[in-house]
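A.B. asks: Fold the following and give me the result.
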Amino acid sequence: MKSVNLNTSSVMNTRMWFRSLALATGLVTAINLIPLALPTQAAPAAPAAKEPPPRPAYALEIRDGALLHPGPGGPANLANVVDALRDLFPDCNFVLAPELANVLVMDLKLRPGNNEVEVNGHLVWPPQSIGETLTALRVAAGNRFLWRNGVAESPPPQATPQLDPATGLPAAAPPQEASSLFTLLPDPTAAQSRRAVEAFSLQDYLQSLPKQDEASLNQSLGDIENLIVETLNSMDAEVARPQIRFHPGTKLLVVIGSPEAIDVAAKIITALPGYHARSGGGGFGASSPANPPAPTPAQTAAENAFRRRYGLNPYVPAPALPQPSRPVSPQAPAPQPPGQPSNPPDVPAPATPPNTPTAPR
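C.D. replies: Numbering: from 1, shown residues only. Down below sits the predicted model:
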C-alpha cells in the first residue's frame, strides 16, 4: 500500500510541474506577442534643410521717406537708419548724436556685397564697405552730419619722425589699428545744424486786438505758432520745429531754432496787423533813438525777470541824451519911424597903441 501511495503522489507532482511549465510558457509567449499586436508608429522624419533667403537686390533701400530694407520699415530718419546699420554690420558700434535723430534721409539704394552675415538666426547681406555706406548716407541726408572712425579724428603727431637706417628717409608709419566705433556728429558748417535765437515785440499787435482777455491772447499766440509750423512743413519737412516762448511781462515772443526757421518766423510775425518793430526806426509809435522814453518801474522789473530767466545781465536804463542846443541868431535893429534918420550903431574908436608919439598941435 505504501508503494502505491508514493507512486500516486509522484505522478501528481509531475502533472503539476508540467502545468506550471505550460502556464509559464504561455505567459512568456503572450508577452512576446504584445508588441506585434500594437500598431506600429512611424519614425519621426528628419527636419528638412532650411533654404537660405534669396539675395536681395539692395542691402539698404529708402524710398519716399520710408525705410524699406532691411527691417520692418518705418520713417527714414537717421535714428531708424542707424539702427538698421547695426544689423547690417553686427561687429561695429554706431553712436548717433541726439540732435540728429529726426533728420530725414532722401531716397537711397545700396547694393549688397558678396558676403552674407547671420544676425539673430537669419542671413543679411550688408553693403561692401562701412565707409562707403556712411558717405552715401551723409549725402542723402543733405550733409547734415560728419562721421569718424575711432576715438580721435586723426592720429596724434609724432614729436620726431622715425628714420629708416638703411635709406636715411622717414620710415613709413605703422598701420593703425582699425576701430569698430563709428560716430555721427552734427556738421557745424551746415546751416540747419546751427541754432539761433530771435526776440520779437508783440506789444503793438496785442494792443490792436479787439479783446484783451487771457483766453483771446492765448488763442492769438497759438494761431501764430501753428502758422509758423505749418509754413515750415510746407516749405521743407527737414527743418526742425522751432521752440517758441512768449513772455507776458515784456510782450516778447522768443523763437529758438535754425536760421531757416527763424527767418520764416520773422516773415510771419512782422506781417501781423499792428506789428511795429521796436528797434527805434520807422513805424507808428516808434520812439526816437536819440531820446527814448524812460521805462516805468514795472517794465524794468519785468525786463529783469525775463533776463534772469534766460541767464542775461540785469537791465540798466540808458541815460537820457542831452538835447542839442539851437544857435541864437542875432536880432535885427528895430525899424525907425519915417522922417527920422537912422542912427548907425556906435563904432568904438580904434585903441591907440602904447608908446606911440603924438604929433604936436
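
A.B. asks: Can you get me a residue count around the closest residue to Ala57 other than its chain neighbours?
C.D. replies: Among residues not flanking Ala57 along the chain, Arg111 sits closest, at 7.4 Å (C-beta to C-beta, 6 or more residues apart in numbering). The C-beta positions use only the backbone N, C-alpha and C, and glycine is treated the same way. Residues near Arg111, counting by other C-beta atoms under 10 Å, number 13.

A.B. asks: Same check on Ser129?
C.D. replies: Per other C-beta under 10 Å, the neighbour tally for Ser129 reads 12.

A.B. asks: which residues sit in contact with the closest residue in space to it that isn't next to it in sequence?
C.D. replies: In space, and not counting its chain neighbours, Ser129 is closest to Gly113: 7.9 Å by C-beta to C-beta, 6+ apart. By C-beta atoms under 8 Å, 6 or more residues apart in numbering, the contact list for Gly113 reads 59, 125-129.

A.B. asks: okay, Gly113: pLDDT?
C.D. replies: The confidence metric pLDDT takes the value 88 at Gly113.

A.B. asks: what's it sitting at in phi/psi?
C.D. replies: The main-chain torsion angles of Gly113 are listed as degrees, to the nearest 10 and equal phi -80, psi -160.

A.B. asks: again with Pro126
C.D. replies: For Pro126, the backbone dihedrals (degrees, to the nearest 10) come out as phi -70, psi 160.

A.B. asks: and if you look at Glu99?
C.D. replies: Glu99 has phi and psi values of phi -70, psi -10 when expressed as degrees, to the nearest 10.

A.B. asks: how many other residues sit next to it?
C.D. replies: Using other C-beta under 10 Å, the number of residues around Glu99 comes to 14.

A.B. asks: Please list all residues in contact with the nearest residue to it once chain neighbours are set aside.
C.D. replies: Closest residue to Glu99 apart from its sequence neighbours, by C-beta to C-beta, 6+ apart: Pro186 at 5.9 Å. With contacts defined as C-beta under 8 Å, 6+ apart, Pro186 is in contact with 97, 99-100, 144-146, 193.

A.B. asks: which one among the residues you listed gets closest to Gln219?
C.D. replies: Using C-beta to C-beta, Glu99 is the member of the contacts of Pro186 that lies nearest Gln219, at 31.8 Å.

A.B. asks: how far away is Pro273 from Ala240?
C.D. replies: Using C-beta to C-beta, to the nearest Å, Pro273 is found at 29 Å from Ala240.
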